[in-house]
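> Predicted model and sequence below, questions to follow.
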Number of protein chains: 2
Amino acid sequence: VYRLIYWPTLQGRGEFVRLVLEDAGVPYDDVARRSESEGGGVAAVRALLHGQGKVMPGFAPPFLVHEELILAQMPVICAYLGQRHGLVPETETLRMRALQLQVTIADAVSEAHDTHHPVSSTLYYEDQKEAALRAASLFREQRLLLWLRYFDRVLEESGGPHLFGDRISYVDLALFQLTEGLCFSFPVTMKGALSGFPRITALRRAVAARPRLAGYLASERRIPFNQHGIFRHYPELDAPTG
Amino acid sequence: VYRLIYWPTLQGRGEFVRLVLEDAGVPYDDVARRSESEGGGVAAVRALLHGQGKVMPGFAPPFLVHEELILAQMPVICAYLGQRHGLVPETETLRMRALQLQVTIADAVSEAHDTHHPVSSTLYYEDQKEAALRAASLFREQRLLLWLRYFDRVLEESGGPHLFGDRISYVDLALFQLTEGLCFSFPVTMKGALSGFPRITALRRAVAARPRLAGYLASERRIPFNQHGIFRHYPELDAPTG
């Protein structure tokens, strides 16, 4: 059984891992969502983060524990799970390309996060709001379209509906989640932006309609987006396009 | 023969790839460093970046072209080359851990970059200097020690001198390069900070003393650090510790 260790009250980078586990339909223990008396809570994350016993599992959560393996880094965990559960493209060459795309999605996730925390993750939003207004404006007006255009072109090349054509992979789940997060953070901007990228919209729908994921997304296991995660909705950071 | 495509006038993320190629002692074509009349220059990077023909190789350079494979993303390229040239730890489990560490180093590299470009990569430093002063101060005083402490603990666990003990891997070359870059950017801060982490200093020396790398670092192939790359030295962003 897989053990996922991630902050219990937000989607964050852990959600990319959850989506792979849910789509694969494998049981997993979302450790920190148990109560502290049952070994869960923030304490479970901190124990690994600060080196539980002798092992230094990674710089930051999410962590995946599976048999002897303790793994960190969202793209690496997702690639590991995707490989084990058939959520990868067919050839080794394409699997390298999948990993590259996943790392690229992780970069986009970090950039989206940094729109509300441009100066430092150690400060509150309110203490860097002025810089956030500038950062978000430039993200909306310049960077966002570069990201969307890139993924759209990959979909165009593959022939769709997925990033590797007919066959779904963990990277499609990640692009779904990135887009969901951006739509939560920038609803006005994204409504306009996505209208230019029907292939991305089609991918979102295809992923959301997968039976296990549809069940998961409607369940209480899916933590709603909120103001503690990577993707946050500050209306002043969103704006109509054009 | 490998073809590396990266901006020709700076180390940047391409340098992590160059170090693996140089340490492996394999021939490679650093395409963009040839003149434009020989197919090099910035034009060579842009051709791939904007989708040369039908292929969309990645969101950003560096790109590695090897036979049919076109790969982007520094950690993925380095893992690919490390695997092919024996610069990886022995077991599959440890190789996943190596990849995780490399992605983590890439995160640290991005965070170091963002100290001088906190608001947006689309603005000049001078147009975000105020935010950069705050970002660099918090990086120096809080984040930098977290990063160094993490890598130090990994070295402690492995027994050193490398991140996987006796055996060198591509990740050691990356940690070397990260540390070199930080020392260029923050010479005063790093002089103080590194004194607390002799294992990291030992690793830096061990990597720099590897015969092929020592030759490379002294050669004209090694582009000096400068004010165009990821790691830049703005004296106002550096400061004595304590």
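Arrived safely.

> From chain B, how far out is A:L217?
27 Å (Cβ to the nearest Cβ, to the nearest Å). Placement of C-beta: from N, CA and C, glycine included.

> Kindly apply the preceding question to A:E236 instead.
In terms of Cβ to the nearest Cβ, A:E236 sits 16 Å off from chain B.

> Over to A:D107?
From A:D107 to chain B the distance is 7 Å (Cβ to the nearest Cβ).

> got it, and A:P8?
From A:P8 to chain B the distance is 22 Å (Cβ to the nearest Cβ).

> quick check, that residue in a helix?
No: read with DSSP: H, G, I helix; E, B strand; the rest coil, A:P8 is coil and lies in no helix.

> which residues touch A:L101?
If a contact means Cβ atoms under 8 Å, 6 or more residues apart in numbering or on different chains, then A:L101 has A:154, A:163, A:171, A:174-175 as its contacts.

> Got phi/psi on it?
For A:L101, the backbone dihedrals (degrees, to the nearest 10) come out as phi -60, psi -40.

> any idea of the pLDDT on it?
Per-residue pLDDT puts A:L101 at 98.

> And A:M56, by the same measure?
So A:M56 comes in at 74 (pLDDT).

> pretty sure it is in a helix, no?
No: going by three-state DSSP, the assignment for A:M56 is coil, not a helix.

> for it, what are its contacts?
Counted by Cβ under 8 Å, 6+ apart, A:M56 has contacts B:150, B:153-154, B:157.

> same thing but 7 Å
B:153-154, B:157 (Cβ atoms under 7 Å, 6 or more residues apart in numbering or on different chains).

> Nearest residue to it in space, please, no chain neighbours.
Excluding the flanking residues, the one nearest A:M56 by Cβ to Cβ, 6 or more residues apart in numbering or on different chains is B:R153, at 4.5 Å.

> Kindly confirm my reading that the one you found is in a helix.
Yes: the assignment for B:R153 is a helix, going by three-state DSSP.

> How much space separates it from B:W147?
B:R153 sits 11 Å away from B:W147, going by Cβ to Cβ, to the nearest Å.

> ok, the two, which is more surrounded?
Neighbour count, other Cβ atoms under 10 Å in any protein chain shown: between B:R153 and B:W147, B:W147 has more, with 21 against 17.

> Pull out the buried positions in whatever helix or strand that one lives in.
Element membership of B:W147, judged by DSSP states H and E, is helix B:144-158. For helix B:144-158, burial by neighbour count (16 or more other Cβ atoms under 10 Å in any protein chain shown) applies to B:144-145, B:147-155, B:158.

> Adding pLDDT as columns, could you present those residues in a markdown table?
Output for these, formatted as a markdown table (pLDDT from 0 to 100):
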| residue | pLDDT |
| --- | --- |
| B:L144 | 97 |
| B:L145 | 95 |
| B:W147 | 96 |
| B:L148 | 96 |
| B:R149 | 94 |
| B:Y150 | 94 |
| B:F151 | 96 |
| B:D152 | 95 |
| B:R153 | 93 |
| B:V154 | 94 |
| B:L155 | 95 |
| B:S158 | 93 |
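
> what separates the residue nearest to A:M56 from B:V88, distance-wise?
Applying Cβ to Cβ to B:R153 and B:V88 gives a distance of 21 Å.

> Strands of chain A, residue ranges please.
Here chain A has its strands, by DSSP state E, at A:2-5, A:28-30, A:63-66, A:69-72.

> neighbouring strands for the shortest one, and are they parallel or not?
When you say that, I think you mean strand A:28-30. strand A:2-5 (parallel) (DSSP bridges).

> and chain A, which residues reach chain B?
Proximity of chain A to chain B (Cβ under 7 Å from any Cβ of the partner chain) is limited to residues A:51, A:54, A:56, A:58-59, A:68-69, A:71-73, A:75-76, A:80, A:93, A:96, A:99-100, A:103-104, A:110, A:118-120, A:122-123, A:131, A:134-135, A:138, A:142-143, A:150, A:153-154, A:157.

> Among those, name the buried ones.
Counted by 16+ other Cβ under 10 Å, the residues of chain A next to chain B give A:56, A:58-59, A:69, A:71-73, A:75-76, A:80, A:96, A:99-100, A:103-104, A:118-120, A:123, A:131, A:134-135, A:138, A:143, A:150, A:153-154 as buried.

> Let me see the contact set for the closest residue to A:L19 other than its chain neighbours.
Distances taken as Cβ to Cβ, 6+ apart put A:L173 closest to A:L19, at 4.3 Å, once the chain neighbours are dropped. Applying Cβ under 7 Å, 6+ apart to A:L173 gives the contacts A:19-20, A:23, A:207.

> which residues touch the helix or strand of chain A with the lowest mean pLDDT?
The helix or strand of chain A with the poorest confidence is helix A:42-49; it has a mean of 89 (mean pLDDT, DSSP states H and E). Where contact means Cβ under 7 Å, 6+ apart, the residues beyond helix A:42-49 that reach it are A:5-8, A:31-32, A:36, A:57, A:61, A:63.

> now the helices: where do they sit in chain A?
Listed in chain order, the helices of chain A (DSSP state H) span A:14-24, A:42-49, A:74-84, A:92-116, A:129-138, A:144-158, A:170-185, A:187-194, A:198-208, A:211-217.

> Going by mean pLDDT, which of those helices comes out lowest?
Minimum mean pLDDT among those: helix A:42-49, a mean of 89.

> List the buried residues in that one.
A:44-45, A:48-49.

> same thing with stretch A:165-175?
For stretch A:165-175, by 16+ other Cβ under 10 Å, it's A:165, A:168-175.

> returning to what we had before: now which of the contacts of helix A:42-49 would you call buried?
A:5-8, A:31-32, A:57, A:61, A:63.

> thinking again about what came up before, okay, the contacts of A:L173 in JSON lines with neighbour count next?
Compiled in JSON lines, the contacts of A:L173 are given as follows (neighbours: other Cβ atoms under 10 Å in any protein chain shown):
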{"residue": "A:L19", "neighbour count": "28"}
{"residue": "A:V20", "neighbour count": "25"}
{"residue": "A:D23", "neighbour count": "23"}
{"residue": "A:V207", "neighbour count": "24"}
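
> farthest-separated two in those residues?
Distance extremes for the contacts of A:L173: the farthest pair is A:V20 and A:V207 at 11.5 Å, using Cβ to Cβ.

> and A:T115, how many residues sit next to it?
28.

> so it sits right up against A:A135, yeah?
Yes: using Cβ atoms under 7 Å, A:T115 is in contact with A:A135, at 5.0 Å.

> First-to-last residue distance for stretch A:164-173?
12 Å (Cα to Cα, to the nearest Å).

> just to revisit the earlier point, output the strands of chain A as TSV; include the columns mean pLDDT.
Listed next are the strands of chain A as TSV, based on pLDDT from 0 to 100:
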stretch	mean pLDDT
strand A:2-5	97
strand A:28-30	97
strand A:63-66	95
strand A:69-72	92
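
> Dump the ones you listed into TSV; add distance to B:L194 as well.
Output for the strands of chain A, formatted as TSV (distance: least, Cβ to Cβ, whole Å):
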stretch	distance to B:L194
strand A:2-5	31
strand A:28-30	39
strand A:63-66	28
strand A:69-72	24
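
> so what's A:H113 up against?
A:I230.

> how near is it to chain B?
11 Å.

> got it, and A:L145?
Distance from A:L145 to chain B, by Cβ to the nearest Cβ: 12 Å.
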